[in-house]
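Here is my input; please provide its structure:
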Amino acid sequence: MVLHAAGRWAESRDVLAKADELAQKLDFTSVTEETGALLGNETVRVYRGEDFEKLMISVLQALNYAAMGDDEGALVEIRRCNERLEKMKAQNKPYEQLAIARYLSGMLYEDQREWDSAAIDYVAAAELQPNLGVLNEATLRLTKKTERVDLYERMAKKFPGVEVAAPAAADGQVAVVIEAGEAPRKEQGKAKGGPATFVAVPVYNGRQAPVPAAVVTFGSGEVRAVPVTSIDRVAKLHLDDRIGKLVAKSLASAGLKAGVAAGVGALTKSPELGVLAFAALSLTQEADTRSWLSLPAEFQVARARLPAGKQKVVVRFRGKTTEHEVEVVPGRLKVLVLRRY
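Below is the predicted model:
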């Protein structure tokens, strides 16, 4: 993630590929670890990552490839991300889809002039994130271009204020993807209701105030970036789906510890020692607060049409201004990826 933030795309790609391979190897259940977790706490288990964190490996890889101008490599990663999401849906997990993945694939398909695929992914992103605002210009333009009349009319009714205009043949497009802010941190909390009230569970808490929208200047025009995916929201939704299982496991752990303590009391013929054993084992209860802290709080996108040639893009975020020179190619869409804290 440090390499990615530094714009060292190829090196980041290689390390994240190893992370992805390791995540897949760790995706199994260890009986020894599970027993240790029941008698101790969740931190004795290898940290396998939340499901959304595994998905984020593919999203970041796609952005690495896109920043290098490798649309095909980026699309391979997006397809892998979507396949994983479909697998989760098949397991009846109510997981939040990642609108940034669908919107990014829409831009990549548009760059390759695969208009139909681009239109489908733009529509999918708009349905996942209904507040894309001006970013839906591409959704309307391409559903109209591909003569998907029903989709175009439905999208036009949903976004009546978005203006659509065909780009000039000599122009190109620039899209700035901004990974903004810091991901929420896992902290120890308590479950709610009945006996579970005393069970330690992880909760996500934001590390910052609400993330402001970046302001991007393309030539003489200024655009406010639009939030496409909130990692804060995705993280909490994924964790909420697991809380029931975590509570059940913690209650089972408490029962097992009580049984072990009773056994200690019986073997030693000392009820007091049994009580002390239970107290000692109970002190080991601790929520697993490990998480991927270097992720952004949200993904924002700003885009514009520009004349061909070298163009300057200026980005302002939290009082910091940076300038970037991009080469605009007629009929193509250039993706600029930036990490901002």
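
use CA for all of it now, contacts and neighbours both
Will do.

after the strand or helix carrying residue 81, next one along is what?
Using DSSP states H and E, residue 81 falls within helix 71-90. Scanning forward in sequence from helix 71-90 by DSSP H and E, the next helix or strand is helix 99-111.

export that next one as PDB, just CAs?
C-alpha atoms of helix 99-111 as PDB (Å, rounded to 0.1, in the frame of the first residue of the first chain):
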ATOM      1  CA  ALA A  99     -19.400   0.500  -6.700                       C
ATOM      2  CA  ILE A 100     -15.800   1.700  -7.400                       C
ATOM      3  CA  ALA A 101     -15.000  -1.600  -9.000                       C
ATOM      4  CA  ARG A 102     -18.000  -1.400 -11.400                       C
ATOM      5  CA  TYR A 103     -17.400   2.300 -12.200                       C
ATOM      6  CA  LEU A 104     -13.700   1.700 -12.900                       C
ATOM      7  CA  SER A 105     -14.500  -1.300 -15.200                       C
ATOM      8  CA  GLY A 106     -17.000   1.000 -17.000                       C
ATOM      9  CA  MET A 107     -14.200   3.500 -17.600                       C
ATOM     10  CA  LEU A 108     -11.800   0.900 -18.700                       C
ATOM     11  CA  TYR A 109     -14.300  -0.600 -21.200                       C
ATOM     12  CA  GLU A 110     -15.100   2.800 -22.400                       C
ATOM     13  CA  ASP A 111     -11.400   3.500 -23.100                       C
END
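
if we can go back for a sec, tell me what the helix holding residue 81 is packed against?
Applying 3 or more Cα pairs under 8 Å, 6 or more residues apart in numbering; DSSP states H and E, one finds that helix 71-90 contacts helix 51-67, helix 99-111.

what's the angle from the longest one to helix 99-111?
Angular relation of helix 51-67 and helix 99-111 on a 0 to 180 degree scale: 30 degrees, by axes from the mean of the first three to the mean of the last three Cα atoms, to 10 degrees.

Residues contacting helix 51-67, please?
4, 9-10, 12-13, 16-17, 19-20, 23, 71, 73-78, 80-81, 84-85, 101, 108, 234-235, 238, 292, 335-337 (Cα atoms under 8 Å, 6 or more residues apart in numbering).

Just the buried residues from the residues you listed, in ChimeraX please.
To isolate the buried members of the contacts of helix 51-67 in ChimeraX, using 16 or more other Cα atoms under 10 Å:
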select :4,9,10,12,13,16,20,23,71,73,74,75,77,78,81,84,85,101,108,234,235,238,292,335,336,337
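
Next, residue 98: phi, psi?
For residue 98, the backbone dihedrals (degrees, to the nearest 10) come out as phi -100, psi 100.

Pull the contacting residues for it.
Applying Cα under 8 Å, 6+ apart, we find residue 98 in contact with 128, 229.

One more pass at 6 Å, please.
The contact partners of residue 98, by Cα atoms under 6 Å, 6 or more residues apart in numbering, come to none.

For residue 90, grab the count of nearby residues.
Number of residues near residue 90 (other Cα atoms under 10 Å) recorded here: 10.

any idea how far it is from residue 50?
18 Å (Cα to Cα, to the nearest Å).

got it, and residue 156?
From residue 156 across to residue 50, the span is 37 Å (Cα to Cα).

And for residue 210?
Relative to residue 50, residue 210 is positioned 23 Å away (Cα to Cα).

For those two, indicate the residue with more neighbours.
residue 50 (16 against 9).

so what's the more buried one scoring on pLDDT?
At residue 50, the model reports a pLDDT of 86.

now the one 10 residues further on
Residue 60 is assigned a predicted lDDT (pLDDT) of 97.

That one: neighbour count?
Residues contacting residue 60 under the criterion other Cα under 10 Å number 23.

just residue 24 next, same as before
Counted by other Cα under 10 Å, the residues lying close to residue 24 total 12.

can you check residue 317 too?
When neighbours are counted by other Cα under 10 Å, residue 317 comes out with 18.

from memory residue 314 sits against residue 325, does it?
No. The pair residue 314 and residue 325 fails to qualify as a contact (Cα atoms under 6 Å) at a distance of 8.8 Å.
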